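[1] Test case, fold it:
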Amino acid sequence: MYISLRFLGSLSRCAPRVGVATIVLASLPDAAFPLTEFRRADSNSDDKVDISDALYTLGFLFLGGLEPICDDAADANDDGKVDISDALYTLGYLFLGTRAPPAPGPDATGPDPTPDMLACGIELRCDSPADGALVDLVPGAGVSIRGTALGLFDVRVNGAPVAVAADWTFSATVDGRYGLNFVELSATDRVGATHTALCAFLGAERWLTEGDQFDEALLFRLEASGFNKLTSLIPSWFNANLSERLDSSFLATTTLFESDCGAFGSCVTEIRYLSLSVTLPSNGIRIQVSNQNTLNVAIQIDLRLRLRVRSKLVGIARPAIEGEVHFSKLIADVDVSLGVDPATGRPLAAGRSINSLDTSAASAQFPGLDPEFIATVVSVARDSVQDGLGSEALGGSAGLFEGLLAGMDVTLPAAGFPVGRLDGTGSVTVALAPRWSVLLKDNGLTLLTGLRVMDPPPPPAAAGRVPLPLAANLVGGPVRPDTDIWSAAHVGVFNQVLQALWRAGLFDGTVDGAAMGPGLPEGTSLSVLLRTMPVVTGFDPTGTTGLDVGALDLAITHPDLPPGLRVIAGARVRARASLLSDDLVFDDIVTDELRISTGGVALDAASRATLEGLLERLLVKLAGMALNDSLPVLPAIMVTIPSSLGAYGLPVGSRLPGAPRLVIETNHLFLEGNVGLGP
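    Numbering: from 1, shown residues only. Predicted coordinates:
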């Protein structure tokens, strides 16, 4: 199997014609090269057969001369190879009257009636990197380009002249960049006709294997200021709920203690709960991050328990006595651990523990009760408080974070979303699967989400790679005085989705003129094949976004252009990004760079202007699809306040960040806001 390059147009190495050539990758079986016209034994391709042809062949074989432009023509005896026998055959024909060279013969041009491994045709191509190749590069560093300019001279790479070796190869160095790199080749043949080719390769410093998880694609960050605002709701929850919840806990049992001293014993026989009062000082709660996933909460309260105590003295029941046990400085220290549920993969408050419960500051007032009995009452009260308060301290502290994590989700639809095809013939469904990680750091809360494209799936044997800029994934972000909560998306999320859509053929098809806006003549259409995935090259702090598109293989129908026109094109466009509700909108799409090769068709200035205008319309449509339709909303982590957080004074159904604003940094999009909640 040979990977060869053919020309769009009737160009021949052996019968050069004026025109412009471009390259298209094609897979050709052995001994099945396209038939081209040539003159047999015309080794130097000067359109006649004489002694110079035999000398040209001998010079190539033995003196390091240039290769024949047309191997089939140099094969004078048509034995499928070029060697000394061909030069001798030509000399014999010219001077000894031996048999004429086989068809098509020395006197006329024509195709080879006996196909073999020899080729014939002017060739201008990129050999390395190949068209559509994926290249590891550092932006700004040189990339070595190697190519072939068979039968061509005055070769230029991106406008700079390069030397052509005896085997018709050339090399050059171009500056590489992240995204699509275009290499424009131009050259002239022996009769002065110009030939061009457009090659494109994809460059990046790092890659994501197609179908793999893209870690840290999305990030949600609650800065220390926002963290403090939210945790300040915990004291209000305790003030509003602790008395009632502890009271309900004690009323559920009522009898805290029962005993029987026997017929002549002395003891406390019963302790019953009556009521309580709780005071939470203004500085009664301290909340801090103790390590990377654990929140420590210390609660100090003033608690008074009113109890009724019955007792016996030497077997004789004494009247019930009411009084109170006062815990003047009751301190509960608890930990709440955040993590990920291994069953569902969602973040949650994974563990709770009571570190300590200090009940040492206790006193009791029970008039008429024997002192030894008061010690029993205080001990029972301590045990009861530890059971009830410890549970409520954990519940009140963990409940806020359980609610926050329960309401947290990615804005993209979990079931996937349809994206309409370029030609309007249906859609491709895209589904992304998140993977969460939770981190408490720098006195704030961080959630990271990795994304994997589940649908459309990559081909079973795909070795595709998604280009990523060198910029780190989302491990940090903007910290501004007026920002205490934000969510962010990495540019790689867009490229990850675009790779899947490109693989599914979303950007291929036939588009008629009406679909590209008003003003185009009736009958205008473009058949589009996108050979290389579109790439979002990055987000810029000025609000612009770059998108590379190409190489586009186009068949164009337009009344003002030559019939059957085939074009290879590539472009870099830019758009302005803004936020409209949840939707990231890209508009003001303009073309910064447009590269065109028109095959064997020469266009005048008016026709080229028509072609460029048509392609710019197509690029606006294609770029709008890639940027606006590939993701229906800005991918972000948001929190919708669940009903469980209503007890903390949070408006159920509201979201964090509230009323966000869009901030664009290099390769990242941020939604910034404050804990002040918006609709």
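
[2] so residue 91 makes contact with residue 52?
    No. With contact defined as Cβ atoms under 8 Å, residue 91 does not count as touching residue 52 (11.6 Å). From N, CA and C alone the C-beta is placed, and that goes for glycine too.

[3] Just list the residues touching residue 366, thanks.
    By Cβ atoms under 8 Å, 6 or more residues apart in numbering, residue 366 lies in contact with 307, 309, 321, 322, 323, 373, 374, 377.

[4] Among those residues, which ones are in helices?
    Residues from the contacts of residue 366 lying in helices, with DSSP state H as the criterion: 373, 374, 377.

[5] What residues does the last one make contact with?
    Residue 377 makes contacts with 268, 271, 307, 309, 323, 325, 364, 366, 369, as judged by Cβ under 8 Å, 6+ apart.

[6] cool, residue 653 as well?
    Contacts for residue 653 (Cβ under 8 Å, 6+ apart) come out as 640, 641.

[7] The closest residue to residue 157 other than its chain neighbours: neighbour count?
    Using Cβ to Cβ, 6 or more residues apart in numbering and skipping the chain neighbours, the partner closest in space to residue 157 is residue 172 (4.1 Å). Residues lying near residue 172 (other Cβ atoms under 10 Å) number 20.

[8] so residue 172 sits right up against residue 159, yeah?
    No. The criterion here is Cβ under 8 Å, and residue 172 misses it with residue 159 at 10.7 Å.

[9] so residue 482, which of the three states?
    coil (DSSP: H, G, I helix; E, B strand; the rest coil).

[10] In contact with it: list those residues for me.
    By Cβ under 8 Å, 6+ apart, residue 482 lies in contact with residue 674.

[11] and the most centrally placed residue in the chain, what element?
    Compute the mean C-alpha point of the chain, and by Cα atoms, centre = their mean the closest residue is residue 493, 2.0 Å away. Element membership of residue 493, judged by DSSP states H and E, is helix 491-503.

[12] The next helix or strand along the chain from that helix pairs with which strands, and in what direction?
    Using DSSP H and E, the helix or strand that follows helix 491-503 in sequence is strand 509-512. When pairing is defined by DSSP bridges, strand 509-512 lines up against strand 525-530 (antiparallel).

[13] Residues touching the partner strand, excluding its own?
    Against strand 525-530 from outside (Cβ under 8 Å, 6+ apart): 422-423, 502, 507-513, 549-557, 614, 618, 622.

[14] let's see 10 Å
    Residues outside strand 525-530 that contact it (Cβ atoms under 10 Å, 6 or more residues apart in numbering) are 24, 422-423, 502, 505-516, 549-558, 566-567, 569, 614-615, 617-618, 621-622, 626.

[15] mean confidence for the helix or strand harbouring the residue nearest to residue 157?
    Residue 172 belongs to strand 169-175 when assigned by DSSP H and E. The average pLDDT within strand 169-175 is 96.

[16] If you count contacts, what does that strand end up packed against?
    The helices and strands touching strand 169-175, judged by 3 or more Cβ pairs under 10 Å, 6 or more residues apart in numbering; DSSP states H and E, are strand 123-128, strand 142-150, strand 153-157, strand 160-161, strand 179-188.

[17] Let me see the contact set for residue 358.
    Neighbouring residues of residue 358 by Cβ under 10 Å, 6+ apart: 298, 300, 327, 329, 330, 331, 332, 333, 386.

[18] Please report the distance of it from residue 168.
    From residue 358 across to residue 168, the span is 89 Å (Cβ to Cβ, to the nearest Å).

[19] Over to residue 587?
    Distance from residue 587 to residue 168, by Cβ to Cβ: 48 Å.

[20] These two: who's more crowded?
    Using other Cβ under 10 Å, the more surrounded residue of residue 587 and residue 168 is residue 168, with 19 against 12.

[21] The more buried one and residue 196: what is the separation?
    Applying Cβ to Cβ, the value for residue 168 to residue 196 is 17 Å.

[22] now residue 673
    Distance, residue 673 to residue 196, using Cβ to Cβ: 52 Å.

[23] swap in residue 612?
    15 Å.

[24] do the same with residue 665
    Separation of residue 665 from residue 196 (Cβ to Cβ): 39 Å.

[25] Look at those two and report which has more neighbours.
    Neighbour count, other Cβ under 10 Å: between residue 665 and residue 196, residue 196 has more, with 21 against 15.

[26] Now do the same for the residue nearest to the centre of the chain: its pLDDT.
    Residue 493 is given a pLDDT of 89.

[27] Would you agree it is in contact with residue 215?
    No. Counting by Cβ atoms under 10 Å, residue 493 stays clear of residue 215, with 11.5 Å between them.

[28] Would you list the phi and psi of residue 239?
    Dihedral angles of residue 239 (phi, psi; degrees, to the nearest 10) stand at phi -60, psi -40.

[29] Setting aside sequence neighbours, what's the nearest residue to it?
    Using Cβ to Cβ, 6+ apart, the closest residue to residue 239 is residue 280 (5.4 Å).

[30] ok, that neighbour to residue 333 distance?
    Separation of residue 280 from residue 333 (Cβ to Cβ) stands at 15 Å.

[31] where's residue 242 relative to residue 397, distance?
    Between residue 242 and residue 397 the distance is 12 Å, computed by Cβ to Cβ.

[32] any shared contact partners between these two?
    Counting by Cβ under 10 Å, 6+ apart, the contacts common to residue 242 and residue 397 are residue 299.

[33] With neighbour numbers in mind, choose between the two.
    Taking other Cβ under 10 Å, residue 242 and residue 397 do not tie; residue 397 has more neighbours (27 against 22).

[34] Neighbours of the closest residue to the more buried one other than its chain neighbours, how many?
    Nearest in space to residue 397, with sequence neighbours left out and distances taken as Cβ to Cβ, 6+ apart, is residue 297 at 4.1 Å. The local packing of residue 297 (other Cβ under 10 Å) involves 23 other residues.

[35] can you check residue 69 too?
    Residue 69 has 28 nearby residues by other Cβ under 10 Å.

[36] Check the gap between it and residue 123 for me.
    In this view, residue 69 and residue 123 are 10 Å apart by Cβ to Cβ.

[37] okay, and the common contacts of these two?
    Contact criterion Cβ under 10 Å, 6+ apart; residues shared by residue 69 and residue 123: 13, 150, 151, 152, 168.

[38] State the pLDDT value of the first one.
    Listed pLDDT for residue 13 reads 33.

[39] can you check the second one too?
    Listed pLDDT for residue 150 reads 81.

[40] which stretches of the stretch 201-350 of the chain form strands?
    Using DSSP state E, counting those that start in this stretch, the strands of the stretch 201-350 of the chain run over 206-209, 214-222, 255-258, 267-279, 285-291, 294-313, 316-340, 347-358.

[41] and residue 640, which of these is closest to it?
    strand 214-222 (12.6 Å; Cβ to Cβ).

[42] Pull the distance from that closest one to the chain's centre.
    From the chain centre to the centre of strand 214-222 is a distance of 12 Å (Cα atoms, centre = their mean, to the nearest Å).
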